[in-house]
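Asker: A structural model of the following input is requested.
(one chain, ligands or ions: 1)
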Amino acid sequence: MNPDNIRIVLVHTTHPGNIGGVARAMKNMGLHRLYLVAPASFPNEQANRRAVSADDLLDGAIVTDTLEEAIGDCQFVVGTSARERRIPWPLLDARQCAARVAEASAAEQVAVVFGREDRGLTNEELKQCNLHLNIPTSSEYSSLNLGMAVQIVAYELRMLRAAPEKPAVETENWDTPFASRENMERFYTHLEETLIDIDFLDPAAPRQLMSRLRRLYGRVRLDEMELNILRGILTETQKWVERDSKD
Ligand code: SAH
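Answerer: Below is the predicted model of the structure:
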């Protein structure tokens with residue numbers, strides 16, 4: 001595991017105190033990269049008070065306007081959610097997920113994304129993630145305080161640091177880097193355009209096609225070479241459609 005490659009991303013946090021609580025939870029567990037997507041108020045005195053000796057993490061926090069900016073260069077993105085969404089996604093608990101995050105962080109940029117206090121992450125945001133993380137709770141009340149949710153995830157990562165080396169994993173020594181979020185988004189745009197060109201996707205009635213394709217590719221995790229091959233196929237397909245339409 002390489003904590004330098006692991007970032008905690010907080011999306012649209014309302015209460016500055018929670019940002020401070022998150023910074024403290026992270027520093028306690030040896031994480032230090034904090035990203036804030038359009039926080040309601042930052043910097044803020046309350047955040048510093050709650051962070052106590054983790055105020056250096058607040059000073060170093062990176063603030064962005066959008067989630068895309070915060071995770072664009074990541075190859076592996078985990079979205080956290082207190083409840084099941086409409087399209088089931090690969091879903092792991094904090095312990096299982098920590099193992100995947102630790103493994104990926106050895107060579108890749110990894111993000112764990114946390115949502116708004118009142119309504120979590122949107123479906124659109126969750127669809128940008130490779131995996132979803134749910135902390136098991138009582139069925140009566142599944143929504144944890146933001147700082148506490150971060151604490152649990154960070155703790156599970158900590159426990160892995162203390163553990164002996166893991167056995168070899170499927171993607172160890174992979175020959176090509178995994179595709180970044182940015183490049184995956186470009187691919188999805190290209191795929192959607194092409195599917196419209198070949199009349200497979202009706203923009204007037206898209207249904208869940210793109211979501212399902214995102215889920216498929218997110219599960220596979222493409223490397224840059226595989227992504228280029230698929231982009232090449234799309235480009236050639238578009239050329240054929242263009243030629244065909246001129247005949
Ligand atoms: N009402 C919101 C809960 C938001 S809690 C919802 O239904 O999604 C704020 C954030 O804390 C969530 O977006 C998530 O990042 C994290 N969180 C809270 N409870 C969680 C749980 N049980 N599992 C995983 N993440 C959780």
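Asker: near the ligand, which residues of the protein show up?
Answerer: When proximity is defined as Cβ under 6 Å from any ligand atom, the chain approaches the ligand at 80-83, 114-115, 117, 119-121, 133-135, 137, 142-144, 146, 149. In short, each C-beta sits where N, CA and C put it, glycine included.
Asker: Who are the packing partners of the longest helix anywhere in the chain?
Answerer: Longest helix in the chain, counting residues (DSSP state H): helix 224-246. The contact analysis (3 or more Cβ pairs under 8 Å, 6 or more residues apart in numbering; DSSP states H and E) places helix 224-246 against helix 181-197.
Asker: residues of the helix it packs on that come out buried?
Answerer: Going by neighbour count (16 or more other Cβ atoms under 10 Å), the buried part of helix 181-197 is 181, 183-185, 187-188, 191-192, 194-195, 197.
Asker: same deal with stretch 56-74?
Answerer: 57-58, 61, 64, 67, 70-72, 74.
Asker: For ChimeraX, write the selection for the buried entries among the residues of the chain next to the ligand.
Answerer: The buried subset of the residues of the chain next to the ligand, as determined by 16+ other Cβ under 10 Å, is captured in ChimeraX by this line:
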select :80,81,82,114,115,117,120,121,133,134,135,146,149
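Asker: Counting only helices, which of the residues of the chain next to the ligand make the cut?
Answerer: 146, 149.
Asker: which residues are in contact with the longest helix of the chain?
Answerer: By Cβ atoms under 8 Å, 6 or more residues apart in numbering, the surrounding residues in contact with helix 224-246 are 176-179, 183-184, 186-187, 190-191, 193-194, 197-198, 222.
Asker: try 6 Å this time
Answerer: Identification of contacts with helix 224-246 by Cβ atoms under 6 Å, 6 or more residues apart in numbering yields 176-177, 179, 183, 187, 190, 194, 197.
Asker: swap in stretch 144-162?
Answerer: 1, 18, 21-22, 25-26, 29, 31, 94-95, 98, 102, 112, 114, 117, 135.
Asker: what do you get for stretch 6-18?
Answerer: By Cβ under 6 Å, 6+ apart, stretch 6-18 touches 19, 26, 33-41, 44, 46-47, 50, 67, 70, 105, 110-117, 146-147.
Asker: Among those, which ones are in strands?
Answerer: Using DSSP state E, the subset of those located in strands is 33-37, 110-114.
Asker: any idea which of these is the one closest to the ligand?
Answerer: Closest approach between the ones in strands among the contacts of stretch 6-18 and the ligand, by Cβ to the nearest ligand atom: F114, at 3.5 Å.
Asker: Quick check: beta-bridge partners of that closest one?
Answerer: Taking DSSP bridges as the rule, F114 bridges to L10.
Asker: And this structure, what are its domain boundaries?
Answerer: 3-162, 181-246 (automatic domain parsing).
Asker: Mean pLDDT added to those, as JSON lines?
Answerer: Below are those laid out as JSON lines (pLDDT from 0 to 100):
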{"stretch": "domain 3-162", "mean pLDDT": "96"}
{"stretch": "domain 181-246", "mean pLDDT": "96"}
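Asker: quick one, which of these is packed in tightest?
Answerer: domain 3-162 (a mean of 19; mean count of other Cβ atoms under 10 Å).
Asker: got a list of what R50 touches?
Answerer: Neighbours of R50 in contact, by Cβ under 6 Å, 6+ apart: 17, 20-21.
Asker: wait, which of those is closest to R214?
Answerer: For the contacts of R50, the closest approach to R214 (Cβ to Cβ) belongs to G21, at 31.9 Å.
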